[in-house]
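In: sequence-free structure coming up:
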Ligand code: 5GP
(Lines give C-alpha, C1' and ligand atoms only; values in the text may rest on other atoms or scores of the structure.)
Protein backbone atom coordinates (compact mmCIF):
# COMPACT_ATOMS: atom_id res chain seq x y z
CA UNK A 1 0.00 0.00 0.00
CA UNK A 2 1.68 3.31 -0.98
CA UNK A 3 2.37 5.42 2.12
CA UNK A 4 0.87 8.45 0.39
CA UNK A 5 -2.60 6.94 0.04
CA UNK A 6 -4.62 6.59 3.25
CA UNK A 7 -7.20 3.87 3.88
CA UNK A 8 -10.21 5.28 5.75
CA UNK A 9 -11.88 2.99 8.27
CA UNK A 10 -15.33 3.95 9.51
CA UNK A 11 -16.27 2.01 12.62
CA UNK A 12 -18.73 2.17 15.51
CA UNK A 13 -21.68 0.24 16.89
CA UNK A 14 -24.54 -1.12 14.84
CA UNK A 15 -27.13 1.65 14.34
CA UNK A 16 -24.60 4.49 14.69
CA UNK A 17 -25.30 5.55 11.12
CA UNK A 18 -22.01 4.47 9.51
CA UNK A 19 -23.71 3.57 6.23
CA UNK A 20 -25.57 6.88 5.94
CA UNK A 21 -22.44 8.89 6.73
CA UNK A 22 -20.39 6.92 4.19
CA UNK A 23 -23.03 7.55 1.53
CA UNK A 24 -22.81 11.29 2.24
CA UNK A 25 -19.01 11.12 2.26
CA UNK A 26 -18.88 9.52 -1.21
CA UNK A 27 -21.17 12.23 -2.56
CA UNK A 28 -19.03 14.97 -1.04
CA UNK A 29 -15.44 13.79 -1.58
CA UNK A 30 -14.38 12.51 -5.03
CA UNK A 31 -12.05 9.56 -5.59
CA UNK A 32 -13.28 7.39 -2.70
CA UNK A 33 -14.58 3.83 -3.03
CA UNK A 34 -15.98 1.45 -0.43
CA UNK A 35 -14.47 -2.03 -0.39
CA UNK A 36 -17.22 -4.66 -0.56
CA UNK A 37 -16.82 -7.07 2.36
CA UNK A 38 -17.77 -10.73 2.40
CA UNK A 39 -20.33 -12.01 4.92
CA UNK A 40 -22.22 -15.14 5.84
CA UNK A 41 -25.24 -13.22 7.10
CA UNK A 42 -28.42 -13.53 5.04
CA UNK A 43 -29.13 -10.92 2.43
CA UNK A 44 -31.63 -8.22 3.50
CA UNK A 45 -34.41 -7.10 1.19
CA UNK A 46 -32.97 -4.81 -1.51
CA UNK A 47 -29.36 -5.92 -0.99
CA UNK A 48 -27.45 -7.10 -4.07
CA UNK A 49 -24.59 -9.62 -4.10
CA UNK A 50 -21.36 -7.75 -4.86
CA UNK A 51 -22.86 -4.35 -4.02
CA UNK A 52 -23.56 -4.28 -0.25
CA UNK A 53 -21.60 -7.50 0.40
CA UNK A 54 -20.38 -10.66 -1.23
CA UNK A 55 -22.84 -13.08 0.37
CA UNK A 56 -21.04 -16.37 1.02
CA UNK A 57 -22.02 -19.69 2.51
CA UNK A 58 -20.13 -20.83 5.60
CA UNK A 59 -18.12 -23.23 3.44
CA UNK A 60 -17.18 -20.55 0.92
CA UNK A 61 -16.14 -18.18 3.70
CA UNK A 62 -13.98 -20.85 5.36
CA UNK A 63 -12.30 -21.62 2.04
CA UNK A 64 -11.39 -17.94 1.62
CA UNK A 65 -10.04 -17.82 5.19
CA UNK A 66 -7.85 -20.84 4.39
CA UNK A 67 -6.63 -19.24 1.15
CA UNK A 68 -5.55 -16.10 3.07
CA UNK A 69 -8.00 -13.99 1.05
CA UNK A 70 -8.93 -11.75 4.02
CA UNK A 71 -7.03 -8.80 5.39
CA UNK A 72 -9.13 -9.34 8.52
CA UNK A 73 -12.29 -11.18 9.40
CA UNK A 74 -14.45 -11.49 12.51
CA UNK A 75 -17.24 -13.59 13.93
CA UNK A 76 -20.08 -11.20 14.77
CA UNK A 77 -23.50 -11.62 16.44
CA UNK A 78 -25.52 -14.77 15.75
CA UNK A 79 -22.38 -16.54 14.55
CA UNK A 80 -22.25 -14.54 11.31
CA UNK A 81 -18.82 -13.82 9.87
CA UNK A 82 -17.63 -10.67 8.07
CA UNK A 83 -14.30 -10.10 6.33
CA UNK A 84 -12.34 -7.58 4.27
CA UNK A 85 -11.10 -9.07 1.01
CA UNK A 86 -7.52 -8.20 0.05
CA UNK A 87 -8.62 -8.33 -3.60
CA UNK A 88 -11.07 -5.45 -3.04
CA UNK A 89 -8.38 -3.22 -1.54
CA UNK A 90 -5.97 -4.04 -4.35
CA UNK A 91 -8.61 -3.37 -7.00
CA UNK A 92 -9.41 0.05 -5.53
CA UNK A 93 -5.70 0.99 -5.29
CA UNK A 94 -5.12 -0.22 -8.88
CA UNK A 95 -7.95 2.07 -10.01
CA UNK A 96 -6.06 4.91 -8.31
CA UNK A 97 -8.87 5.47 -5.88
CA UNK A 98 -8.91 5.78 -2.09
CA UNK A 99 -10.35 2.90 -0.13
CA UNK A 100 -13.03 3.28 2.55
CA UNK A 101 -13.78 0.35 4.87
CA UNK A 102 -16.87 0.02 7.06
CA UNK A 103 -15.90 -2.34 9.87
CA UNK A 104 -16.94 -3.37 13.36
CA UNK A 105 -14.44 -2.59 16.11
CA UNK A 106 -12.13 -5.61 16.20
CA UNK A 107 -11.58 -5.47 12.46
CA UNK A 108 -11.02 -1.70 12.61
CA UNK A 109 -8.40 -2.12 15.35
CA UNK A 110 -6.65 -4.81 13.33
CA UNK A 111 -6.51 -2.61 10.23
CA UNK A 112 -5.34 0.32 12.37
CA UNK A 113 -2.47 -1.82 13.70
CA UNK A 114 -1.52 -3.49 10.44
CA UNK A 115 -2.19 -1.13 7.54
CA UNK A 116 0.19 1.82 7.27
CA UNK A 117 -1.72 4.98 6.44
CA UNK A 118 -5.01 3.75 7.85
CA UNK A 119 -7.17 6.46 9.41
CA UNK A 120 -9.87 5.27 11.79
CA UNK A 121 -13.05 7.23 12.51
CA UNK A 122 -15.36 5.98 15.26
CA UNK A 123 -19.02 6.96 14.90
CA UNK A 124 -20.71 7.27 18.29
CA UNK A 125 -24.33 7.65 19.37
CA UNK A 126 -26.21 7.16 22.67
CA UNK A 127 -27.51 3.67 23.40
CA UNK A 128 -31.25 4.66 23.41
CA UNK A 129 -30.71 6.35 20.03
CA UNK A 130 -28.95 3.24 18.65
CA UNK A 131 -31.80 1.07 19.86
CA UNK A 132 -34.40 3.38 18.30
CA UNK A 133 -32.56 3.33 14.93
CA UNK A 134 -32.21 -0.46 14.91
CA UNK A 135 -35.91 -0.88 15.74
CA UNK A 136 -36.92 1.65 13.05
CA UNK A 137 -34.64 -0.05 10.52
CA UNK A 138 -36.34 -3.36 11.39
CA UNK A 139 -33.82 -5.47 9.45
CA UNK A 140 -33.01 -7.77 12.40
CA UNK A 141 -35.12 -9.91 14.71
CA UNK A 142 -35.88 -8.58 18.22
CA UNK A 143 -33.34 -11.07 19.64
CA UNK A 144 -30.61 -9.95 17.28
CA UNK A 145 -31.33 -6.27 18.00
CA UNK A 146 -30.84 -7.08 21.71
CA UNK A 147 -27.51 -8.76 20.92
CA UNK A 148 -26.37 -5.80 18.83
CA UNK A 149 -27.32 -3.34 21.62
CA UNK A 150 -25.44 -5.34 24.27
CA UNK A 151 -22.40 -5.34 22.01
CA UNK A 152 -22.82 -1.61 21.36
CA UNK A 153 -22.59 -0.83 25.10
CA UNK A 154 -19.13 -2.39 25.32
CA UNK A 155 -18.05 -0.95 21.96
CA UNK A 156 -18.84 2.64 23.01
CA UNK A 157 -16.28 2.28 25.82
CA UNK A 158 -13.61 1.57 23.19
CA UNK A 159 -14.07 4.81 21.24
CA UNK A 160 -10.84 6.34 22.61
CA UNK A 161 -8.76 3.67 20.83
CA UNK A 162 -9.46 5.20 17.41
CA UNK A 163 -7.89 8.22 15.73
CA UNK A 164 -11.10 10.26 15.55
CA UNK A 165 -14.52 10.11 17.21
CA UNK A 166 -17.56 11.74 15.58
CA UNK A 167 -20.88 11.89 17.44
CA UNK A 168 -23.82 11.23 15.19
CA UNK A 169 -26.72 12.85 17.00
CA UNK A 170 -27.23 15.31 14.13
CA UNK A 171 -26.63 13.52 10.84
CA UNK A 172 -25.83 16.63 8.79
CA UNK A 173 -23.29 17.88 11.31
CA UNK A 174 -21.73 14.43 11.63
CA UNK A 175 -21.53 14.04 7.84
CA UNK A 176 -19.83 17.43 7.52
CA UNK A 177 -17.39 16.41 10.29
CA UNK A 178 -16.47 13.12 8.61
CA UNK A 179 -16.01 14.80 5.22
CA UNK A 180 -13.79 17.50 6.75
CA UNK A 181 -11.60 14.88 8.46
CA UNK A 182 -11.24 12.87 5.26
CA UNK A 183 -10.40 15.93 3.17
CA UNK A 184 -7.89 17.08 5.72
CA UNK A 185 -6.18 13.66 5.91
CA UNK A 186 -6.12 13.44 2.12
CA UNK A 187 -4.47 16.84 1.87
CA UNK A 188 -1.89 15.92 4.51
CA UNK A 189 -1.11 12.64 2.74
CA UNK A 190 -0.09 14.32 -0.53
CA UNK A 191 3.65 14.32 -1.20
CA UNK A 192 5.31 17.77 -0.86
CA UNK A 193 5.80 17.94 -4.65
CA UNK A 194 2.13 17.20 -5.24
CA UNK A 195 1.17 19.75 -2.61
CA UNK A 196 3.03 22.60 -4.25
CA UNK A 197 1.77 21.54 -7.71
CA UNK A 198 -1.84 21.49 -6.54
CA UNK A 199 -1.46 25.04 -5.29
CA UNK A 200 -4.12 24.34 -2.68
CA UNK A 201 -1.85 23.98 0.35
P1 LIG B 1 -24.52 -5.45 9.05
O2 LIG B 1 -24.95 -6.86 9.30
O3 LIG B 1 -25.38 -4.48 9.82
O4 LIG B 1 -24.41 -5.13 7.58
O5 LIG B 1 -23.03 -5.31 9.62
C6 LIG B 1 -22.74 -5.66 10.94
C7 LIG B 1 -21.42 -5.07 11.34
O8 LIG B 1 -20.37 -5.69 10.59
C9 LIG B 1 -21.30 -3.57 11.06
O10 LIG B 1 -20.76 -2.95 12.23
C11 LIG B 1 -20.33 -3.49 9.91
O12 LIG B 1 -19.57 -2.30 9.96
C13 LIG B 1 -19.45 -4.69 10.17
N14 LIG B 1 -18.72 -5.17 9.00
C15 LIG B 1 -19.11 -5.18 7.70
N16 LIG B 1 -18.15 -5.72 6.93
C17 LIG B 1 -17.12 -6.03 7.75
C18 LIG B 1 -15.82 -6.59 7.52
O19 LIG B 1 -15.41 -6.93 6.42
N20 LIG B 1 -15.04 -6.78 8.62
C21 LIG B 1 -15.44 -6.41 9.86
N22 LIG B 1 -14.56 -6.59 10.86
N23 LIG B 1 -16.64 -5.88 10.09
C24 LIG B 1 -17.48 -5.69 9.05
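Out: Received, thanks. The model shown is predicted, which means the values in this text are computed figures rather than measured ones.
In: Grab the nearest non-local neighbour of the closest residue to the ligand within the chain.
Out: Per C-beta to the nearest ligand atom, residue 107 is where the chain lies closest to the ligand, at 2.2 Å. The way it works is simple: take the backbone N, C-alpha and C, and place the C-beta from them, glycine included. Leaving aside its chain neighbours, residue 107 sits nearest to residue 72 (4.6 Å; criterion: C-beta to C-beta, 6 or more residues apart in numbering).
In: circling back: mind checking what secondary structure the residue of the chain closest to the ligand has?
Out: Assigned with DSSP: H, G, I helix; E, B strand; the rest coil, residue 107 falls in the helix class.
In: where does it sit relative to residue 179, distance-wise?
Out: To residue 179, residue 107 is 23 Å away according to C-beta to C-beta, to the nearest Å.
In: Looking at the two, which one has more neighbours?
Out: Between residue 107 and residue 179, counted using other C-beta atoms under 10 Å, the more crowded position is residue 107 (23 against 17).
In: Identify the residues contacting the more buried one.
Out: Taking C-beta atoms under 8 Å, 6 or more residues apart in numbering, we find residue 107 in contact with 11, 72, 73, 74, 82, 83, 84, 101.
In: Could you check how far it is from residue 118?
Out: Noted for residue 107: a distance of 11 Å to residue 118, by C-beta to C-beta.
In: One more: residue 148?
Out: From residue 148 over to residue 118 (counting by C-beta to C-beta), the distance is 25 Å.
In: re earlier: also near the ligand: which of the contacts of residue 107, exactly?
Out: Here is what survives when the contacts of residue 107 are matched to the ligand using C-beta under 6 Å from any ligand atom: 72, 74, 82, 83, 84.
In: Each with direction, which strands does the host helix or strand of the first one pair with?
Out: When elements are assigned from DSSP states H and E, residue 72 belongs to strand 70-75. Partner strands and pairing direction for strand 70-75 (DSSP bridges) are strand 81-85 (antiparallel).
In: Can you pull out the residues in contact with the partner strand?
Out: With C-beta under 8 Å, 6+ apart, strand 81-85 has contacts from 35-41, 53-54, 58, 61, 64-65, 69-76, 101, 103-104, 107, 111.
In: Give me the buried entries from those residues.
Out: When the contacts of strand 81-85 are checked for burial by 16 or more other C-beta atoms under 10 Å, the buried set is 35-41, 53-54, 61, 64, 69-74, 76, 101, 103-104, 107, 111.
In: Name the residues of this protein found near the ligand, please.
Out: By C-beta under 6 Å from any ligand atom, the residues of the chain that approach the ligand are 14, 18, 37, 41, 72, 74, 76, 82-84, 102-104, 107.
In: In JSON lines, list those along with pLDDT.
Out: Shown next, in JSON lines, are the residues of the chain next to the ligand (pLDDT from 0 to 100):
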{"residue": "14", "pLDDT": "89"}
{"residue": "18", "pLDDT": "96"}
{"residue": "37", "pLDDT": "98"}
{"residue": "41", "pLDDT": "96"}
{"residue": "72", "pLDDT": "98"}
{"residue": "74", "pLDDT": "97"}
{"residue": "76", "pLDDT": "91"}
{"residue": "82", "pLDDT": "98"}
{"residue": "83", "pLDDT": "98"}
{"residue": "84", "pLDDT": "98"}
{"residue": "102", "pLDDT": "97"}
{"residue": "103", "pLDDT": "97"}
{"residue": "104", "pLDDT": "94"}
{"residue": "107", "pLDDT": "97"}
